[in-house]
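>>> prediction below, plus the sequence it came from.
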Number of protein chains: 2
Amino acid sequence: MIKQRVKKIQKALQRRNLDAVLITEPHNRRYLSGYTATDHGIQETTGVLLIPKKGKPWLLTDSRFVLQAEEEAQGFTVELYKKGLYALLKKLLPALNVRRLGFESHYFLHSSAGKLEEMAEKIKVELVPLLDLVERMRMIKTEEEIQQIKKSVLLNEQVFQSVHKTLAPGMTELEIALALEQTMRKMGAEGPSFETIVAFGSNAAKPHAVPTNRVLQDGEIVLVDMGLVLQGYCSDMTRTFVVGKPKKKFIQRLRVVRKAQLAGIKAIRAGALCRQVDQAARKVIADAGYGDFFGHSLGHGVGLAVHESPGLGPRNRKKLQAGMIVTIEPGIYLPNWGGIRLENMAVVREEDCEVLNQDTTGLDL
Amino acid sequence: MIKQRVKKIQKALQRRNLDAVLITEPHNRRYLSGYTATDHGIQETTGVLLIPKKGKPWLLTDSRFVLQAEEEAQGFTVELYKKGLYALLKKLLPALNVRRLGFESHYFLHSSAGKLEEMAEKIKVELVPLLDLVERMRMIKTEEEIQQIKKSVLLNEQVFQSVHKTLAPGMTELEIALALEQTMRKMGAEGPSFETIVAFGSNAAKPHAVPTNRVLQDGEIVLVDMGLVLQGYCSDMTRTFVVGKPKKKFIQRLRVVRKAQLAGIKAIRAGALCRQVDQAARKVIADAGYGDFFGHSLGHGVGLAVHESPGLGPRNRKKLQAGMIVTIEPGIYLPNWGGIRLENMAVVREEDCEVLNQDTTGLDL
């Protein structure tokens, strides 16, 4: 699988008249090499791929990661940069006859690009900024990847259900978030795919609430947005429900959000514009009078990264393609009152889409 | 405290003839505003600060974070960017009379810089890349910050000790790492400051080993590198020990590493060069014949970020200053055999340094 991916990138390099590409984005690196090390932010990389248009690809890293790189990156030549990446490239690029080098403009710091340019000028290498060479490939999932993501979604639901059963007034947001993340790991996930959101009552009015010591009251809204990583692949799901007896207003608004979600799902098929899908869901919320209280996009792609292309936003004119996996997550957020968001994942198919979630907790009250 | 920090930055702007600065680095943002939201990588910011050389500073964010920003960033004007950051800046910069704008070159993507430049050109704003405007301030800790970091270090040790007591053959690396991270959160930490490392036997030969399902054998090496975040401030500590009876070779090598650590600690004082401190420790390891097996730097700064300036590396000619906090973490890594690393934290003082750790588990066998 990895071998085919590298070959596909090499073909793309040949088409673009590039002699090699430097891969710095960590998900792209894992996708193309199988090397799983995670970076400590963009300023501390655990390695960079150098893929020439032909022949064996390279993984450049430092002494802390060389053993792991050799174990994981099959088919790659692992090379140590003792005096830094640019000093190594200065030797390696001429040896590989590289005259035009692509780099990932969307994952390269402005300050690092300065160093790269300085080095490239000395050895007369032309730099070509790229924006989505690998992302474009990653966006379309193979059936094998879709199966991986399905497993991730199902495990995420199992984790949710096992914790959902235990919820009771008196628990705190932080406690529940912690229980969810612990259960993820116990059940075999690499970890959460993002910081788990658990928000009660008015806290749920913040779409990205951070769990606090707030104590759950009987009848209060609970919004849980959670995802996990399983063998590299992410899941992402939001449920909003009430512990105790829900108020009428809650049920009414929940139905609006669910209706919006179903309208979004119905609009998904290969060839549909991303913004059309967003619009289909947004219209339901606007028609119900909550248009001003749904500020974010309807959804986003999911794969090795929990947020990737395509974005289902009101301004994205791109077309959906079969094999893309997206979230559908409309919401209503009312300061002081609270918020409701429902999020499922679906694979885009030629004629429609396939929803990956089985869990229906709180979806249809 | 925050107010004073903003004033200090404003003075620095005036000195550099800048009308404003854009703060994108998340720790810098928290340091200057009190806003605690965490970004989902550099490609998904939860907000940007715009600090003019005079007057009220701004926090620019999107609809998901506006409530949290208003709660936390006291003294800031919170402004929503509905059509993206650059569209908002295009209006805001002329209104604030900004002609020269600084930005954080070391935390600005090459592709985003392209958009910033395009916008700036249209409104005739000159861009000035900065490298460490805020980091330079953050590097020197106030006594108040030192107290915060001490609390973080002590809590980290308590977590380690409470899990250390329970260790026994048959446990896995992953199990122990999980127990450590759960205990951190239970005892009040925001979370780990980096992914906890637990490595047994030969796995410990990887300085940045990832915990696996490997089962602990009696008499095997255990390397634990762990840190937590407490009210924003990080700790970082490494212990290497044996569960059961240690072999002679282990004790002998542990003593070499401990001796190297003590030599490093002894070399720390205001005015010492970073590389001198590295050299003091490195010499002990080299003299014992392990020079080729200590590939990384001796240490790094710690504060709001777990890795920050100054780096105690063999090539850093900068001088230590009182109030800096650094790690001292020499190691020996022998493929197949395993590895030993010991890491403590210390505050640089005028005449010497103050070690922040109390825990001595495994330090002096």
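Thanks, I have the structure now.

>>> domain parsing for chain A?
Per automatic domain parsing, the structural domains of chain A span A:2-138, A:140-355.

>>> backbone phi and psi for the residue nearest to residue A:333 when sequence neighbours are not counted, please?
Computed as Cβ to Cβ, 6 or more residues apart in numbering or on different chains, the closest residue to residue A:333 that is not its neighbour in sequence is residue A:339, at 4.0 Å. The C-beta positions use only the backbone N, C-alpha and C, and glycine is treated the same way. Main-chain torsions, residue A:339, degrees, to the nearest 10: phi -150, psi 160.

>>> how far away is residue A:339 from chain B?
Distance, residue A:339 to chain B, by Cβ to the nearest Cβ, to the nearest Å: 10 Å.

>>> and for residue A:170?
Look at residue A:170 and chain B: by Cβ to the nearest Cβ, they are 17 Å apart.

>>> does that residue touch residue A:220 like I think?
No - using Cβ atoms under 8 Å, residue A:170 is not in contact with residue A:220; the gap is 11.3 Å.

>>> more neighbours, the two?
Set side by side, residue A:170 and residue A:220 show more neighbours around residue A:220, with 21 against 11, by other Cβ atoms under 10 Å in any protein chain shown.

>>> ok, and the closest non-adjacent residue to residue A:141?
residue A:323 (5.0 Å).

>>> so that neighbour sits in a strand?
No - judged by DSSP: H, G, I helix; E, B strand; the rest coil, residue A:323 forms no part of a strand; its state is coil.

>>> for it, give me phi and psi.
Residue torsions, per degrees, to the nearest 10, at residue A:323 are phi 100, psi -10.

>>> low pLDDT regions in chain A?
Within chain A, no stretch falls below the threshold (pLDDT under 70).

>>> what segments of it are helices?
Under the criterion DSSP state H, chain A carries helices at the ranges A:2-15, A:26-33, A:66-72, A:85-95, A:110-122, A:133-139, A:143-164, A:173-186, A:248-267, A:274-287.

>>> ok, now which ones touch residue A:233?
Applying Cβ atoms under 8 Å, 6 or more residues apart in numbering or on different chains to residue A:233 gives the contacts A:145, A:148, A:149, A:151, A:152, A:303, A:304.

>>> ugh, wrong one, I meant residue A:187
Contacts of residue A:187 (Cβ under 8 Å, 6+ apart): A:155, A:158, A:159.

>>> so which of those wins on neighbours?
Most neighbours among the contacts of residue A:187, by other Cβ under 10 Å: residue A:159, with 28 neighbours.

>>> contacts only, for it.
By Cβ under 8 Å, 6+ apart, the contact list for residue A:159 reads A:180, A:183, A:184, A:187, A:189, A:226, A:228.

>>> residue A:64 now?
A:46, B:206, B:207, B:208, B:295, B:296.

>>> one more time with 6 Å, if that's ok
By Cβ atoms under 6 Å, 6 or more residues apart in numbering or on different chains, residue A:64 lies in contact with B:207, B:208, B:296.

>>> now, which of those sits nearest residue A:330?
Within the contacts of residue A:64, the smallest distance to residue A:330 is 40.7 Å, found for residue B:208 (Cβ to Cβ).

>>> could you check how far that closest one is from residue B:295?
Distance of residue B:208 to residue B:295, computed by Cβ to Cβ, to the nearest Å: 11 Å.

>>> quick one: which of those two has more around it?
Remark: of residue B:208 and residue B:295, residue B:208 carries more neighbours, 20 against 14, as counted by other Cβ under 10 Å.

>>> which residue packs closest to that one, ignoring adjacent ones?
Among residues not flanking residue B:208 along the chain, residue A:64 sits closest, at 4.5 Å (Cβ to Cβ, 6+ apart).

>>> thought residue A:356 was touching residue A:154?
No - if you go by Cβ atoms under 6 Å, residue A:356 and residue A:154 don't touch, sitting 8.1 Å apart.

>>> tell me how far whichever residue of the stretch 1-150 of chain A sits closest to chain B lies from residue A:83.
Per Cβ to the nearest Cβ, residue A:63 is where the stretch 1-150 of chain A lies closest to chain B, at 3.0 Å. Between residue A:63 and residue A:83 the distance is 12 Å, computed by Cβ to Cβ.

>>> give me the more crowded residue out of these two.
More neighbours surround residue A:63 than the other of residue A:63 and residue A:83, with 17 against 11 (other Cβ under 10 Å).

>>> excluding its backbone neighbours, what's nearest that one?
Spatial nearest neighbour of residue A:63, excluding adjacent residues (Cβ to Cβ, 6+ apart): residue B:295 at 3.0 Å.

>>> those residues of the stretch 201-350 of chain A touching chain B, which are they?
Neighbours of chain B within the stretch 201-350 of chain A, by Cβ under 6 Å from any Cβ of the partner chain: A:206, A:207, A:208, A:295, A:296.

>>> try it again at 7 Å.
Proximity of the stretch 201-350 of chain A to chain B is confined to A:205, A:206, A:207, A:208, A:295, A:296, A:307, A:335 under the rule Cβ under 7 Å from any Cβ of the partner chain.

>>> test my guess that the residue nearest to residue A:333 contacts residue A:223.
Yes - the pair residue A:339 and residue A:223 qualifies as a contact (Cβ atoms under 7 Å) at a distance of 6.1 Å.

>>> okay, and the common contacts of these two?
When contacts are counted by Cβ atoms under 7 Å, 6 or more residues apart in numbering or on different chains, residue A:339 and residue A:223 have residue A:204 as shared neighbours.
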